[in-house]
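In: give me a model of this one.
(one chain, ligands or ions: 1)
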Amino acid sequence: MKILFVVSEVEDLAKTGGLADVAKSLPISLIAMGHDVRIVKPYYKSLADKYDLDDCCPRQQLYAHKRRYEFGVKALSLEKVPVYCVDYPEYFNRQGLYSDGYHAYGDNAERFAFFSAAALQAAKALDFHPDIVHCNDWHTAMVPFLMQADNSGYFQHTKSVLTIHNGAFQGTHEFADIPFLQPYEQLQQQLDGNALNYLRMGIRYATRINAVSPNYAQELLTPLGSHNLYNEFQARRSAVSGILNGCDYQQWDPATDPYIPANYTSDNLDGKAQCKQALQQECGLPANDSVPVIGMVCRLTEQKGFGYILPIMANLLQHNVQLVIVGTGDPSIADALKTHRDQHPDKFRFIEDFSVKLAHLVEAGSDFFLMPSLFEPCGLNQMYSLAYGTLPVVRAVGGLKDTVLDLHSAPEYATGFMFEHPDSTALLNCLRRALLFYHEYPDLFAAMRIRAMNTRFTWQDAAVDYERLYTEAQANG
Ligand SMILES: Nc1ncnc2c1ncn2[C@@H]1O[C@H](COP(=O)(O)OP(=O)(O)O[C@H]2O[C@H](CO)[C@@H](O)[C@H](O)[C@H]2O)[C@@H](O)[C@H]1O
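Out: Below is the predicted model of the structure:
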C-alpha cells in the first residue's frame with residue numbers, strides 16, 4: 001500500500017513527546033513489511049538549522065482568503081523512510097513547535113490548517129497517489145475534511161485514518177481567526193458556537209479512527225473518558241478501534257544502550273546497579289544501593305498525575321526512598337517540584353530539562369518508574385521501564401492497563417504495581433505496597449524484574465494491526 005503519514009513531529013527530527021516516537025517507529029515497521037510510506041511534516045527551525053536542504057520539487061502555491069501561500073518541499077531520509085518537510089518559514093521557522101515555552105502560539109490553528117493542506121499538495125507535487133492518508137492528533141485532523149473538499153479528484157480513491165495519541169488536545173479555535181479555512185464556507189455548519197474543533201472534524205470525516213491502545217479506545221466511547229467528545233465518538237462507534245503502540249527496542253535496550261554507563265541483560269543485572277549509582281551521582285543523591293529509587297520522566301502536565309503526586313510528596317519522602325523527576329512543561333508544576341526539592345535535598349531531585357540521555361539513565365538507574373496518569377492513551381515510558389527492569393507504578397487507565405500487570409491481580413505474571421482510584425491516597429498506598437515488596441521480598445522482586453524485562457510490545461505487531469486497519473478502510477470505507 002501507498003501511505004502518506006502526516007504528522008507534526010518525528011523522533012530524531014523534532015520532538016516534544018510520544019507522538020514523535022510513534023511517527024518514526026511505525027513508518028519504519030510498515031516499510032519493512034513492503035509498504036511505500038512517506039512522512040510529511042513541517043520544516044521547523046531546528047531542522048532548517050541542522051540541514052540546509054534544497055527543494056525536492058518546484059515551489060508550491062496555495063491560495064486562501066485573498067492570500068498566496070508559497071512554500072517549498074524539502075526531502076530527507078530517516079532510516080529508509082522518505083520524509084518530506086513543508087517549508088513555510090513564516091509559520092515554522094520559530095523557536096518552539098507549538099509554543100514559545102510559556103504560551104501556545106496564537107496562530108496554531110492557522111499554521112496546522114495550512115500544513116494539512118500543504119501536505120496533500122506535496123503528495124500531488126511529488127506524484128504520490130496514496131491509498132491511505134494517515135493523520136495524527138489535532139494538528140493534522142483537518143486532513144480528512146480537506147481531502148473530501150479537494151475537487152481535483154486526486155484523492156477520490158484515497159481513504160483516511162486518524163490516530164488519536166492524545167484526545168485532550170483538540171485544537172479548538174475561533175473560526176474567524178483561521179484565515180486559511182475561510183474559503184470553506186461549509187465549515188460554518190460544523191462550528192460549536194463560533195469555534196472549530198479540529199479533532200472533532202477528524203472524527204467526523206476520517207474513514208477510520210484509532211486510539212493508541214485498545215483500552216483507551218474503549219474509554220473514548222464512555223462519557224467520562226471521551227474528553228467531552230462522547231457524541232462524536234458514539235456517532236462513529238463502528239469506525240473506532242484501538243491499536244497498542246510498540247516499543248522501539250533498538251533505542252531502548254539496556255544491553256546495547258549507548259547513553260548508560262553500563263549495559264545489562266535479564267541474565268546479568270550487574271550493570272543495572274552501576275547505572276543506579278551513576279544516576280544517584282548525577283543527581284547529587286547519596287549513593288546507596290539499598291535505597292529504592294523511583295524515577296519519572298515526562299512532560300510536566302496534569303495528564304501525568306501531578307494532581308496526585310504533589311499532595312503526597314512529603315508523605316512519600318518520609319520513607320527510605322529516593323525520587324528523581326525529569327521534565328519540562330507547566331511552570332506551576334515545576335515551581336512546586338522545586339519547593340519540594342529544596343525541602344528534601346537528600347531524597348528528591350527535580351531536573352527541569354528535556355534530555356534523551358537523562359531519560360535513558362533514569363530508566364536504567366531506577367528501581368521503580370512512576371506514571372500515575374490521570375489519563376494515558378498508551379504511554380511509552382512504562383514500556384521502556386519494563387525493558388529496563390524498572391518496575392512501573394501506574395494508574396489503571398488507558399494503555400497503562402493494557403501493558404502492566406499488577407502484583408495483586410496476577411502475582412505469577414505481575415510486572416508492576418497499579419492503583420485504580422484517581423486520588424492521592426490510592427497512589428500513596430500503591431507506592432507503599434511497592435516499597436514494602438522491594439524491602440521484604442527481594443527474591444520475588446528480582447523475579448518480577450526479570451519477567452518485566454522479558455515482556456515485549458513490538459512495532460512489528462502494531463504494524464500488522466495497522467495494515468489490517470488500512471485494508472479495512474479500503475474495503476469498507
Ligand atoms: N524531559 C524529557 N526528557 C527526555 N525525554 C522526554 C522528556 N519528557 C518526555 N520525554 C519522552 O517523550 C516520550 C513521552 O512519551 P509518552 O507516550 O509516555 O507520553 P506523551 O504524553 O508525550 O505521548 C502521547 O502520545 C503517545 C504516543 O502515541 C502515547 O503513548 C501517550 O499516551 C500520549 O499521551 C518518551 O519517549 C519520553 O522519554
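
In: could you list the buried residues of the one helix or strand Leu62 maps to?
Out: Here Leu62 is covered by strand 60-64, with elements defined by DSSP states H and E. Neighbour counts over strand 60-64 (16 or more other Cβ atoms under 10 Å) mark 60, 62, 64 as buried. Quick note: C-beta positions are derived from backbone N, CA and C, even for glycine.

In: can you count the residues close to Val326?
Out: 21 (other Cβ atoms under 10 Å).

In: one more: Val291?
Out: Neighbour count for Val291, taken as other Cβ under 10 Å: 17.

In: coming back round to it: just name the closest of the buried residues of strand 60-64 to the ligand, please.
Out: Taking Cβ to the nearest ligand atom as the measure, the ligand sits nearest to Leu62 out of those, at 28.9 Å.

In: which parts of the chain sit against the ligand?
Out: Within reach of the ligand by Cβ under 6 Å from any ligand atom, the chain has these residues: 17-19, 21-22, 165-166, 212, 245, 297-299, 326-328, 354-356, 359, 376-381, 399.

In: least confident secondary structure element in this protein?
Out: Ranking every helix and strand in the chain by mean pLDDT, DSSP states H and E puts helix 45-50 at the bottom, with a mean of 94.

In: packing partners of that one?
Out: Counting contacts by 3 or more Cβ pairs under 8 Å, 6 or more residues apart in numbering; DSSP states H and E, helix 45-50 packs against no other helix or strand.

In: give me the distance between Thr207 and the ligand.
Out: For Thr207, the distance to the ligand (Cβ to the nearest ligand atom, to the nearest Å) stands at 20 Å.

In: relative to Ser152, how far out is that residue?
Out: 19 Å (Cβ to Cβ, to the nearest Å).

In: same question, Lys15
Out: From Lys15 to Ser152 the distance is 34 Å (Cβ to Cβ).

In: before we move on, what about Arg68?
Out: In terms of Cβ to Cβ, Arg68 sits 18 Å off from Ser152.

In: likewise Phe369?
Out: Distance from Phe369 to Ser152, by Cβ to Cβ: 49 Å.

In: higher neighbour count, those two?
Out: Taking other Cβ under 10 Å, Phe369 and Ser152 do not tie; Phe369 has more neighbours (25 against 8).

In: wait, a strand at the more buried one?
Out: Yes: per DSSP: H, G, I helix; E, B strand; the rest coil, Phe369 lies within a strand segment.

In: name the nearest residue to it, ignoring sequence neighbours.
Out: Leaving aside its chain neighbours, Phe369 sits nearest to Ser385 (3.6 Å; criterion: Cβ to Cβ, 6 or more residues apart in numbering).

In: so which bits of whichever strand or helix holds that neighbour are buried?
Out: Ser385 belongs to helix 381-387 when elements are defined using DSSP H and E. Across helix 381-387, burial judged by 16+ other Cβ under 10 Å covers 381-387.

In: for the stretch 201-350 of the chain, what spans make up the helices?
Out: For the stretch 201-350 of the chain, the helices defined by DSSP state H, counting those that start in this stretch cover 214-220, 230-235, 270-283, 306-316, 331-343.

In: deepest in the core, which of those helices is it.
Out: The highest mean neighbour count among the helices of the stretch 201-350 of the chain, using mean count of other Cβ atoms under 10 Å, belongs to helix 214-220: a mean of 22.

In: now that one: average pLDDT?
Out: The average pLDDT for helix 214-220 rounds to 98.

In: again with stretch 403-423
Out: Mean predicted confidence for stretch 403-423 is 94.

In: dump that stretch to CSV, restricted to CA.
Out: This file holds the C-alpha atoms of stretch 403-423, laid out as CSV (Å, rounded to 0.1, in the frame of the first residue of the first chain):
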residue,chain,number,x,y,z
THR,A,403,0.7,-3.1,29.3
VAL,A,404,1.3,-3.5,33.1
LEU,A,405,0.1,-6.4,35.2
ASP,A,406,-0.4,-5.6,38.9
LEU,A,407,1.1,-7.8,41.7
HIS,A,408,-2.2,-8.4,43.4
SER,A,409,-4.3,-9.3,40.4
ALA,A,410,-1.7,-11.7,38.9
PRO,A,411,1.2,-12.5,41.3
GLU,A,412,2.8,-15.1,39.0
TYR,A,413,2.6,-12.8,35.9
ALA,A,414,2.9,-9.4,37.6
THR,A,415,5.2,-6.8,36.1
GLY,A,416,4.3,-3.8,38.2
PHE,A,417,2.0,-2.0,40.6
MET,A,418,-1.3,-0.4,39.8
PHE,A,419,-3.9,1.6,41.5
GLU,A,420,-7.5,2.4,40.4
HIS,A,421,-8.9,5.4,42.0
PRO,A,422,-7.9,8.8,40.8
ASP,A,423,-6.7,10.1,44.2
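
In: that one: how far from the chain's middle?
Out: Here stretch 403-423 is found 22 Å from its chain centre; the criterion is Cα atoms, centre = their mean, to the nearest Å.

In: with stretch 436-455 instead?
Out: Worked out by Cα atoms, centre = their mean, stretch 436-455 lies 28 Å from the chain centre.

In: can you check stretch 448-460 too?
Out: 20 Å.

In: can you give me the buried ones in it?
Out: Buried residues in stretch 448-460, counting neighbours by 16+ other Cβ under 10 Å, are found at 448-449, 451-453, 455, 457, 459.

In: pick out the most distant pair among those.
Out: For these, the maximum inter-member distance is 25.0 Å, found between Met448 and Trp459 (Cβ to Cβ).
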